[in-house]
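# Take this sequence and fold it.
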Amino acid sequence: MARANDWAGKVMALINGGNTAAAIAQIKVAPTVKDLKALQTIMTLSRMTGKYRNLDAAITDNLALLSAPRLHRSP
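The predicted model follows:
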C-alpha cells in the first residue's frame with residue numbers, strides 16, 4: 001500500500017509560520033499536480049486564498065506548468 005504524502009500539510013506549516021519565501025520555493029518543486037491541488041484546497045478551506053497573493057500566483061503558475069504536456073527533447 002502506498003504511503004500518504006503530506007507535502008501540502010508541510011507547506012501549509014511554512015505558510016502559517018510566516019515563511020512564505022520557503023513555501024514558494026517548495027511550490028516551485030512540487031512533486032505532482034495532485035499535491036498542488038491539495039495545497040490549493042487547504043488554502044481555500046483555511047480562508048487564506050487572497051491573503052498572500054504571491055503564493056496564489058505561484059500555485060496557479062506551477063499548476064499550469066505541471067499540467068502542460070512536455071515537449072520531447074532528444075539527448
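# Please count neighbours and contacts with C-alpha atoms only from this point.
Fine.
# What is the distance between stretch 27-45 and the centre of its chain?
Between the mean C-alpha location of stretch 27-45 and the chain-wide mean there is a distance of 4 Å, by C-alpha atoms, centre = their mean, to the nearest Å.
# Distance from the chain centre to the longest helix belonging to the chain, please.
Looking across the chain with DSSP state H, the single longest helix is helix 53-67. Per C-alpha atoms, centre = their mean, the displacement of helix 53-67 from the mean C-alpha position of its chain is 7 Å.
# For it, enumerate the helices and strands it packs against.
helix 20-28, helix 33-45 (3 or more C-alpha pairs under 8 Å, 6 or more residues apart in numbering; DSSP states H and E).
# For Gly9, find the nearest of those.
Shortest distance between Gly9 and these, using C-alpha to C-alpha, is found for helix 33-45: 7.5 Å.
# Could the C-alpha coordinates of the longest helix of the chain be exported in PDB?
What follows is helix 53-67, C-alpha atoms only, in PDB (Å, rounded to 0.1, in the frame of the first residue of the first chain):
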ATOM      1  CA  ARG A  53      -1.200  37.000  -3.500                       C
ATOM      2  CA  ASN A  54       2.300  35.800  -4.400                       C
ATOM      3  CA  LEU A  55       1.600  32.300  -3.000                       C
ATOM      4  CA  ASP A  56      -1.700  32.200  -5.000                       C
ATOM      5  CA  ALA A  57       0.200  33.200  -8.200                       C
ATOM      6  CA  ALA A  58       3.000  30.600  -7.500                       C
ATOM      7  CA  ILE A  59       0.400  27.900  -7.100                       C
ATOM      8  CA  THR A  60      -1.500  28.900 -10.300                       C
ATOM      9  CA  ASP A  61       1.600  29.200 -12.400                       C
ATOM     10  CA  ASN A  62       3.100  25.900 -11.300                       C
ATOM     11  CA  LEU A  63      -0.300  24.100 -11.800                       C
ATOM     12  CA  ALA A  64      -0.200  25.300 -15.400                       C
ATOM     13  CA  LEU A  65       3.500  24.200 -15.800                       C
ATOM     14  CA  LEU A  66       2.900  20.800 -14.300                       C
ATOM     15  CA  SER A  67      -0.300  20.200 -16.200                       C
END
